[in-house]
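Student: Pasting a predicted model and its sequence here:
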Amino acid sequence: MTPSRATDNRRAVLRTGVFEILKALRSFSRLHGGDMFALLVFTTIWNANSEHLIGDERYKGIFDVAPDSANVPMTDDELHRAIGAPPEIIDGYVAAMIEEGIVERVPGGLITPRPVFLTPEMMDAAHEFYDRILGLVAALRAVGFSFGDEPMPSHWRGPPRSSD
Amino acid sequence: MTTDSPPGTDNRRAIVRIFAHDVLRAMSSLARLNGGDAIEFLTFTGVWTLNSQHLIGEDRFAPLRNIPPDAFRRPATFEELQRLLAIPADILEPYVERLIEKDIVERSAGGGLVVPSAVFAQPMMLDATNELYSRAVALVASMRAAGFSFGDEGSNELDHGGHASS
């Protein structure tokens, strides 16, 4: 389904997209005792560790987990800034994750070590994550979001300009 | 419609990495509406999502400026919010109270939680909605650049077997 250029379906697209993303977050929170905030802390750390690997052909396959040496540690300050919640809440979660062994403190900050991503639960989660992206694409297409190569909608104002 | 990688190419981890990165960036940026606090942003988002999830597929409320009136919003209980967000109650409850104090969330006559329509009509909220849409479009471009196909040919489907590479 491809809406005409003049079709404004932005609110429908966002309603659907946010709902699907929250559903996914709730599902993945099972990896962290059913706590979505723990998932957010963990995901923020691994994302910071591997952000520079976006576009790196060596680590694009589902089984191509990057070695720890390729991780860029995230400092506690960076984590606090990224999440914005009270530091004492974030620090409590980090301490629990270090205790659990899913986060390590190394010179330079925090990393999520490679073996964590090789556990069956985490490999299943990676598969599920990808499948949920496919599901999200289908849900967005169903409410009229176009994934084609036709010109961007007339109301599109270009990429976000925030500084993040 | 493009397919930038041959069918069967495994780029799933790259796509997951891009998707997670962009969603976190969007969340971090939009949390500015809630003083930069991701928990408050999630709480706010959880309430309005529960209020309006039954409107998915309603063409009347598809355009940006067609904000559903309060009468169409279904109040959410705290338990529903907690089930959706899966955040411990002792952390979540003060955030709900804070949003009520800020008049961003209201309690309905029946005690449920509602984000009133007036909140979404504010210029900063319309800007945020527009930004979120723009980020979705940019995410599509990033994923396509990494080889994700948005076509209907099904080339994104890969099996779940195999072993992790070293």
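Tutor: Sure, I can see it.

Student: quick one, helices of chain A?
Tutor: With DSSP state H, the ranges of helices along chain A come out as A:10-28, A:36-50, A:76-83, A:87-100, A:114-117, A:120-142.

Student: Out of those helices, indicate the one that is most buried.
Tutor: Highest mean neighbour count of the helices of chain A: helix A:36-50, a mean of 23 (counted as mean count of other C-beta atoms under 10 Å in any protein chain shown). C-beta here means a position set from N, CA and C on the backbone, and glycine is covered the same way.

Student: Any residue of that helix touching chain B?
Tutor: Yes - against chain B, helix A:36-50 shows contacts by C-beta under 8 Å from any C-beta of the partner chain at A:Met36, A:Phe37, A:Leu40, A:Thr43, A:Thr44, A:Trp46, A:Asn47, A:Ser50.

Student: Tell me the helices and strands packed up against that helix.
Tutor: Judged by 3 or more C-beta pairs under 8 Å, 6 or more residues apart in numbering or on different chains; DSSP states H and E, the packing partners of helix A:36-50 are helix A:10-28, helix A:76-83, helix A:87-100, strand A:109-111, helix B:12-30, helix B:38-52.

Student: before we move on, what SS does the nearest residue to A:Asp8 once chain neighbours are set aside have?
Tutor: Among residues not flanking A:Asp8 along the chain, B:Pro63 sits closest, at 3.9 Å (C-beta to C-beta, 6 or more residues apart in numbering or on different chains). When classified by DSSP: H, G, I helix; E, B strand; the rest coil, B:Pro63 comes out as coil.

Student: wait, isn't B:Ala31 in contact with B:Glu40?
Tutor: Yes - with contact defined as C-beta atoms under 8 Å, B:Ala31 counts as touching B:Glu40 (7.3 Å).

Student: rewinding a little: Throw the residues of helix A:36-50 next to chain B into a markdown table and include distance to B:Ile91 and pLDDT, thanks.
Tutor: Below are the residues of helix A:36-50 next to chain B laid out as a markdown table (distance: C-beta to C-beta, whole Å; pLDDT from 0 to 100):
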| residue | distance to B:Ile91 | pLDDT |
| --- | --- | --- |
| A:Met36 | 10 | 90 |
| A:Phe37 | 7 | 92 |
| A:Leu40 | 12 | 94 |
| A:Thr43 | 17 | 95 |
| A:Thr44 | 16 | 96 |
| A:Trp46 | 22 | 95 |
| A:Asn47 | 22 | 95 |
| A:Ser50 | 27 | 94 |
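
Student: now, which of those residues sits nearest B:Arg73?
Tutor: Of all the residues of helix A:36-50 next to chain B, A:Met36 has the smallest distance to B:Arg73: 22.7 Å, by C-beta to C-beta.

Student: list the contacts for the closest one?
Tutor: A:Leu25, A:Arg26, A:Ser29, B:Leu42, B:Leu85, B:Ala86, B:Ile87 (C-beta atoms under 8 Å, 6 or more residues apart in numbering or on different chains).

Student: circling back: which one of the helices of chain A lies closest to B:Leu50?
Tutor: Ranking the helices of chain A by proximity to B:Leu50 (C-beta to C-beta) places helix A:10-28 first, at 9.2 Å.

Student: Tell me which other helices or strands the closest one touches.
Tutor: helix A:36-50, helix A:120-142, helix B:38-52, helix B:78-85, helix B:123-145.

Student: The helices and strands packed on helix A:36-50 into TSV, with extra columns for distance to B:Val115 and mean pLDDT?
Tutor: Compiled in TSV, the helices and strands packed on helix A:36-50 are given as follows (distance: least, C-beta to C-beta, whole Å; pLDDT from 0 to 100):
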stretch	distance to B:Val115	mean pLDDT
helix A:10-28	12	89
helix A:76-83	22	96
helix A:87-100	23	96
strand A:109-111	34	97
helix B:12-30	14	89
helix B:38-52	4	94
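
Student: Serialize these to JSON lines and add fields for distance to A:Gly135.
Tutor: Below are the helices and strands packed on helix A:36-50 laid out as JSON lines (distance: least, C-beta to C-beta, whole Å):
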{"stretch": "helix A:10-28", "distance to A:Gly135": "7"}
{"stretch": "helix A:76-83", "distance to A:Gly135": "26"}
{"stretch": "helix A:87-100", "distance to A:Gly135": "28"}
{"stretch": "strand A:109-111", "distance to A:Gly135": "30"}
{"stretch": "helix B:12-30", "distance to A:Gly135": "12"}
{"stretch": "helix B:38-52", "distance to A:Gly135": "17"}
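
Student: out of these, nearest to B:Met124?
Tutor: Closest among those, using C-beta to C-beta: helix B:12-30, at 10.6 Å.

Student: got the angle for the closest one vs helix A:10-28?
Tutor: Orientation note: helix B:12-30 sits at an angle of 120 degrees relative to helix A:10-28 (axes from the mean of the first three to the mean of the last three C-alpha atoms, to 10 degrees).
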